[in-house]
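> Provided below are the primary sequence and the corresponding predicted coordinates.
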Amino acid sequence: MTAADAPGDPAALPDASPTTPQRAPWKGWAAVLAVALAIFCLITSELLPVGLLTPVGDAFRVSDGAAGLMVTVPGLVAGLCAPLVTVGAGRLDRRLVLCALIALTAAANLAAALAPGFAVLLAARLLVGVGVGGFWALAGGLAVRLVPQRDVGRATALVFGGVPTASVLGVPAGTLLGELAGWRVAFGAVGVLGLLALAALILLLPPLPPTREVTFRALPALLSGNRGVRAGVVVTFLVVTGQFAAYTFVRPVLQDVSGIDAAYVSTLLLGYGVAGVVGNFLAGARDAYRAVLVISTALTVVLGLIATLPGAVAGTALLLAWGLAYGGVSVSVQGWMIKAAPTAAEAATSLMVAMFNLAIAAGALAGGFAVDGIGAPAAPLMGAALMLLAAVTVTLTVTVRMPRATAADQ
């Protein structure tokens, strides 16, 4: 393995090292909280239609399948826009770009609330995808610039805590609001939340000049020249595809395999989400490479068992273990990319975010074919197989040949 191939070696892609501004510690943590709030708003915006498909479909007289485009469209757009926005940001101050992206998302949600037709609503959802993909790509590696090096792991976990928290609190709250006051009010409320996040970013985020200008030529160069980034992109695809092949169909699996009554599924999924929040913070304090290996191995076992082991007690325990393990994925793969390309964090993160969002769509599609062709248990079994491939990939290309973790990564 050459020096250019060595993951984590700054020579893998020449760049100026990101520096942490000399500011009062509380200001750095306040900025981290502002970014976490924005991430919470973005993920809530992306996933909110999951709980509103039927009322939106009824309002515009479209099928649930067509209404599902409200989730599919922003996911695909986010995957495409992650590298596009990163390159397009050029030499602009990242604070300005992040504020513009959260403002765009807030405006898109308000437009969705006022949409006169389904086509306008889908156009608004497309803009949400731009905001999600662009913001995540630029914000994922900000912790290293906001807090001291020793706190980067915890700060990154806090930023990505917005992802599982949106699933646990944001989406259920939006769904409840939609049931009580109507789906338009739910979209409007998330739009207002976006404006609050915008205010927090304006007040708390310091100027963030780019450490380098990312170009389209730099992205393939990073993939070809940095083994760690290549492995991280592959592992991200395998883990996230496996997750959404299984999780998209978790309800029929719990009912058909575990024998859990439909009335309890929503409560159990809330428990899954809470476990995910815990898993996020547990993984954030660990070495990223090791965390991904543990997570992919654990999910291989859990998904294999939940597909084959009957009984409500077993199904409940396995679902909570599933949430705990998968909750650490976002922060761990982000930490992987930062560690593999510390001087090209934005470019590496944009590749990860693109693959992450495209894998969501790929997983749901593949799982659907498996369920239609074989049955509900096929979805988690497919997920388990992909998780096993991810664990093997980590073992073969990372654990043996990557450098030992530093104290800052623990």
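Arrived safely, thanks for sending.

> I'd say Val128 and Gly75 touch.
No. Using C-beta atoms under 8 Å, Val128 is not in contact with Gly75, being 9.8 Å away. For glycine as for every other residue, the C-beta is placed from the backbone atoms N, C-alpha and C.

> more neighbours, these two?
Val128 (30 against 23; other C-beta atoms under 10 Å).

> tell me how far that one lies from Glu46.
Val128 sits 6 Å away from Glu46, going by C-beta to C-beta, to the nearest Å.

> which neighbours do Val128 and Gly75 share?
Glu46 (C-beta atoms under 8 Å, 6 or more residues apart in numbering).

> now do the shared contacts for Val128 and Glu46.
Overlap of the contact sets of Val128 and Glu46 (by C-beta under 8 Å, 6+ apart) consists of Pro74.

> the lowest-mean-pLDDT helix or strand in the chain: what's the following helix or strand?
Lowest on mean pLDDT, DSSP states H and E among the helices and strands of the chain sits helix 64-67, with a mean of 72. Once the chain leaves helix 64-67, the next helix or strand it forms, by DSSP states H and E, is helix 69-88.

> what residue ranges in this protein score low on pLDDT?
Scanning the chain for pLDDT under 70 picks out the ranges 1-24, 64-65, 212-213, 285, 398-410.

> tell me the centre residue of it?
The centre of the chain sits closest to Ser330, judged by C-alpha atoms, centre = their mean, with a distance of 5.3 Å.

> element containing that residue, please.
If you go by DSSP H and E, Ser330 is part of helix 329-340.

> CA atoms only: put that helix into PDB for me.
Backbone C-alpha positions of helix 329-340 (Å, rounded to 0.1, in the frame of the first residue of the first chain) are rendered in PDB as follows:
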ATOM      1  CA  VAL A 329     -24.400   4.300  11.800                       C
ATOM      2  CA  SER A 330     -24.600   7.900  10.800                       C
ATOM      3  CA  VAL A 331     -22.100   9.200  13.300                       C
ATOM      4  CA  SER A 332     -19.700   6.300  12.700                       C
ATOM      5  CA  VAL A 333     -19.600   6.500   8.900                       C
ATOM      6  CA  GLN A 334     -19.100  10.300   9.200                       C
ATOM      7  CA  GLY A 335     -16.300   9.700  11.700                       C
ATOM      8  CA  TRP A 336     -14.800   7.100   9.200                       C
ATOM      9  CA  MET A 337     -14.700   9.700   6.400                       C
ATOM     10  CA  ILE A 338     -13.200  12.400   8.600                       C
ATOM     11  CA  LYS A 339     -10.500  10.000   9.800                       C
ATOM     12  CA  ALA A 340      -9.900   8.600   6.300                       C
END
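
> what residues does that helix touch?
For helix 329-340, the external contacting residues (C-beta under 8 Å, 6+ apart) are 7-8, 12, 140-141, 144, 152-153, 156-157, 160, 163-164, 226, 228-229, 231-232, 235-236, 239-240, 243, 280, 283-284, 286, 288-289, 291-292, 295, 345, 348-349, 351-352, 356, 409.

> so which of these belong to helices?
Assigned to helices by DSSP state H, the following of the contacts of helix 329-340 qualify: 144, 152-153, 156-157, 160, 163-164, 228-229, 231-232, 235-236, 239-240, 243, 280, 283-284, 288-289, 291-292, 295, 345, 348-349, 351-352, 356.

> of those residues, just the buried ones, ChimeraX syntax please.
Under the burial definition 16 or more other C-beta atoms under 10 Å, those of these that qualify are selected in ChimeraX by:
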select :144,152,153,156,157,160,163,164,228,229,231,232,235,236,239,240,243,280,283,284,288,289,291,292,295,345,348,349,351,352,356
